[in-house]
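1. Generate coordinates for the sequence data below:
(one chain, ligands or ions: 1)
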Amino acid sequence: MFADWDSLGICEELRAAINNLGFKTPTEIQQRTLPASLGSHRRSIVGCAETGSGKTLAFGIPVIQHAYMYLKQQALRNPKQSSEVTLENEEQLTSEGDHDDSNTDVSIVDEEDVSNDGMLQDDNESDSNEVHEEDDNEQGDSSSDADIDFQLASRFPGVMTIEELDPITFEPIKKKSTTKSKTKTTEIDPSNKTNNLKLHSLILAPTRELAIQIARHLQNLLNNSPIPIQNRPRVVSIVGGISELKQQRLLSKCPSIVVGTPGRIWDIMQAGLSTVTILGDSEGDPRSFLSDLTNLECFVVDETDRMMQKGHFKEMGQIIGRIKLEMHRRWEDQQAGKPTPPKLQTFLFSATLSLPQDLRRLIRKNHVDTTTKKKQKKSKNKYKQDKPDPDELNTTTGGLLDEIKLPAHLRADFLHVFPFAEQPLIVNLSTPTASSEDDASFSAPPSTLFHRFLFCPENEKDVHLAYFLLRFPGRSLVFINTIRAISFLVSLLRELGITAFGLHAKMEQRQRLKNMDRFTKDEKCVLVVSDVLSRGIDVENVQHVVHYHTPQSVEIYLHRAGRTARAGKEGFSLLLVSPAERRAFSNIRNTLLSTPAHSTSSGLSVSLSQFVEEVSVVGQVRDRVVRARQLALDEHQRQKSDGRFEKKFGDTENQFGGDESGLRDEEEELRVDREETKKRRRQHELKTELSKLNQKPLLPHEVSLRFPTSNPHALQQLLRTHYSHLTTTPSAPTTVTSAGGALENEQIKKEKRQRSSQDEAKAKAKKKHKKKENKWRKRKDK
Ligand SMILES: Nc1ncnc2c1ncn2[C@@H]1O[C@H](COP(=O)(O)OP(=O)(O)OP(=O)(O)O)[C@@H](O)[C@H]1O
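-> Residues are numbered from 1 along each chain as shown. Predicted coordinates for the structure are as follows:
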């Protein structure tokens, strides 16, 4: 057992799980928050810590532990029901292959799909240039596929999406059950109902991928624990893009922990509420499971600052409103001396804590409005309190454990939005930003993350991106601001022989999952994404993050860059800056550089220096990109015109009985045909040229492959650029490979091998020549 975990208040079963997962020591945020959240006071937590520092477990452990304790108590109260649940769950366990991680590898990638990853669909779905979609807008989302549940479950075994679905027919599995539990597809499971199982924990996250990831993370902890199956909390993810009916079926099993995106959660909650209001009875409607908060003990908002921003706050506000009402009801029950569940624990986590300006303005306005009616309201409704006085808060939070505090105004604003987060412990491992207008607070980036930037014209960014990805192959994320640019860049990179996929919020959910899956499986894969993946996503061994467009704020920069260098690993972030983006860049740089050295994990200040390229290699890459660009553009236009033609003339065949060609001018048709043939020929030529270029190794002109030592200066330059970590300190500002071995790649290794064998041959030849010469001289002397 790892001793460091022993003093935090974690139950034995979960400590065993942590031990099985191999997490030797708790991270700082875990160390500081767990004792308070697991202690008898069950304190609410506001936590801010660097990306990849294990915040998910910082809230996940208390959520699971409390849910487990609750189920244990319930089992003691209702031993009969619990034994039925055991039998039912055991059956489920055998069908799920619990504890068997081999299930994780069930592939969701169809081979024939590799050439078509839905890029055309992306364009048709949204032609808008600017994305500005950081997250999922769930409104009106009906792109549910029959097999998405199956895919999700295959990827994330244990997360309750598969057990009732036949993987072939996608119909509910009719279990040969020996138990009495016969759950109808859309009705609440009666055994659970009588067992009084209600929603215990609600976790909200801004994106579907993140919600699914959190659910998987929690399930993984449970799967590694010896918690008996009848007391094991069920975890489900409820996100948009997936059939709501199937999600209702999941809810009918009365899961303890629901992780979801606010849009879909509110849709279901609202529907559940109207059933109660209209029919006066929610029995049997699984949607009412989400609207019944009478047993809610944990409420988590991951990426809290993001969740408070435009696009989310509407649904978030509604959900928070429901919780406030519930808290008020509990308060009234308490006043009347009725039994109430343990108090609600609220967990608010992010790597950056700042509330958006508009919301802060609203809070201030609300504060002014409410102070006039202060006293009488307070006595009537405990949870409609006005803005807390920061000084008052300092005293109410105890101060004992609040070693590092949020700025008072920020703390007050947060607590105004979440008034039910009573006396929270605020653990802020972040740095107050000096230059930010928003009074933001962010955590310094991990010291294992190396930052570089490159100034380049906007229309040359593809060349520099291609240079970087070809020179340093590895699992890389490329962040981009426009959907159209995502699909174009993916085509371009593929023409260059790079394995690349795209992902953005307007993409079909099925496609998103597939592309994510491909990315996690291939170590040399590039995923070109919008900011939908900038927060929270935890993919193992992401080596590089490239910001193709400079982000608008330092917070977005940190979240994007934080997809690499996670959990103590090294990573590299490259920021491409066009002249128009200089201002945003200066803001990011100034803020990063002003981070006090003492606030970083290494005690060194953050450095952001220029990325150095080999000019002659960039030239070679440009030759390729010019051709690849043309091919990608042609492909793009073809797809677009196909889509447009279909849209415009899609019904023409039906209307005119397929005789439309007869109406065309014959000459015009011939001309079009000629042009098409010409275009195809040109494309063929381009492809041939490009594939020849793609096969050549990328080397600086000055270095000859045949005689590498013929120009020792150039060779030395090359080695200095690419093997700097062998000769200079890692933080040398002008080196490409300062991210340690992260950037060393196969190609360079191959070149090195080739060069050393050539060197050997050359040395041998020299020796032979010298021998001959000596012999000849000896003969001559004689
Ligand atoms: N104590 C620990 N020791 C080692 N690894 C850990 C520990 N706790 C969590 N991890 C691992 O660290 C990785 C990052 O954790 P997590 O996703 O929770 O980070 P985060 O702080 O939420 O990051 P972000 O701010 O980007 O969302 C995960 O793969 C997780 O399994």
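2. ok, how many other residues are close to residue 7?
-> 11 (other C-beta atoms under 10 Å). Every residue, glycine included, has its C-beta placed from N, CA and C.
3. Make residue 1 into 19 and carry on from there
-> All set: I'll call the first residue 19, so the last point we hit is now residue 25.
4. list the contacts for it?
-> Residues in contact with residue 25 (C-beta atoms under 8 Å, 6 or more residues apart in numbering) are residue 53.
5. May I have the predicted confidence score for it?
-> Looking at residue 25, its pLDDT is 91.
6. Next: residue 649.
-> pLDDT at residue 649 comes out at 92.
7. Report the buried residues of the strand or helix carrying it.
-> Assigned by DSSP states H and E, residue 649 falls within helix 633-667. By 16 or more other C-beta atoms under 10 Å, the buried positions in helix 633-667 come out as 635-636, 638-640, 642-643, 645-650, 652-654, 657, 661.
8. Any stretches of the stretch 619-768 of the chain with poor pLDDT?
-> Scanning the stretch 619-768 of the chain for pLDDT under 70 picks out 619-623, 660-682, 719-768.
9. Residue of the stretch 319-468 of the chain closest to the ligand, please.
-> Closest to the ligand within the stretch 319-468 of the chain is residue 369: 3.9 Å, counting by C-beta to the nearest ligand atom.
10. elements contacting the one helix or strand residue 696 maps to?
-> Counting by DSSP H and E, the element that carries residue 696 is helix 684-713. The helices and strands touching helix 684-713, judged by 3 or more C-beta pairs under 8 Å, 6 or more residues apart in numbering; DSSP states H and E, are helix 633-667.
11. Now do the helix it packs on against helix 684-713, angle only.
-> Orientation check (axes from the mean of the first three to the mean of the last three C-alpha atoms, to 10 degrees): helix 633-667 against helix 684-713 gives 150 degrees.
12. Report all helices and strands that helix 633-667 contacts.
-> Looks like helix 633-667 contacts helix 137-143, helix 479-489, helix 501-513, helix 684-713 (3+ C-beta pairs under 8 Å, 6+ apart).
13. Turn the ones you listed into CSV, including mean neighbour count and distance to the ligand.
-> Shown next, in CSV, are the helices and strands packed on helix 633-667 (neighbours: other C-beta atoms under 10 Å; distance: least, C-beta to the nearest ligand atom, whole Å):
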stretch, mean neighbour count, distance to the ligand
helix 137-143, 18, 26
helix 479-489, 23, 23
helix 501-513, 23, 21
helix 684-713, 12, 35
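14. Of those helices, which is nearest residue 630?
-> With distances scored as C-beta to C-beta, the stretch of the helices and strands packed on helix 633-667 nearest to residue 630 is helix 479-489 (11.4 Å).
15. ok, the next helix or strand after that closest one: who's next to it in the sheet?
-> Once helix 479-489 ends, the next helix or strand along the chain (criterion: DSSP H and E) is strand 494-497. Here strand 494-497 is paired, per DSSP bridges, with strand 544-547 (parallel), strand 562-565 (parallel).
16. May I see the buried residues of strand 494-497?
-> Result for strand 494-497 [16+ other C-beta under 10 Å]: buried residues 494-497.
17. Out of those, the closest to residue 774 would be?
-> residue 494 (28.3 Å).
18. can you pull the contacts of that closest one?
-> 487, 543-545, 560-564.
19. Just the buried subset of those, please.
-> Looks like the contacts of residue 494 have 487, 543-545, 560-564 buried, using 16+ other C-beta under 10 Å.
20. Take the residues you listed and write them to JSON lines, including distance to residue 90.
-> Listed next are these as JSON lines, based on distance: C-beta to C-beta, whole Å:
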{"residue": "487", "distance to residue 90": "52"}
{"residue": "543", "distance to residue 90": "43"}
{"residue": "544", "distance to residue 90": "47"}
{"residue": "545", "distance to residue 90": "42"}
{"residue": "560", "distance to residue 90": "39"}
{"residue": "561", "distance to residue 90": "43"}
{"residue": "562", "distance to residue 90": "46"}
{"residue": "563", "distance to residue 90": "43"}
{"residue": "564", "distance to residue 90": "48"}
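21. Can you classify the closest residue to the ligand within the stretch 169-318 of the chain by secondary structure?
-> Nearest residue of the stretch 169-318 of the chain to the ligand: residue 235, at 6.7 Å (C-beta to the nearest ligand atom). With DSSP: H, G, I helix; E, B strand; the rest coil as the basis, residue 235 sits in helix.
22. Run a quick neighbour tally on it.
-> 17.
23. That one is in contact with residue 73, isn't it?
-> No - counting by C-beta atoms under 8 Å, residue 235 does not reach residue 73; the two are 10.7 Å apart.
24. quick one on the thing from earlier: now the angle from the helix holding residue 649 to helix 501-513?
-> 120 degrees.
25. In contact with residue 222, which residues are there?
-> 229, 277-280, 283, 318-320, 325, 334, 337.
26. change it to 7 Å
-> By C-beta atoms under 7 Å, 6 or more residues apart in numbering, the residues touching residue 222 are 278, 280, 283, 318-320, 325.
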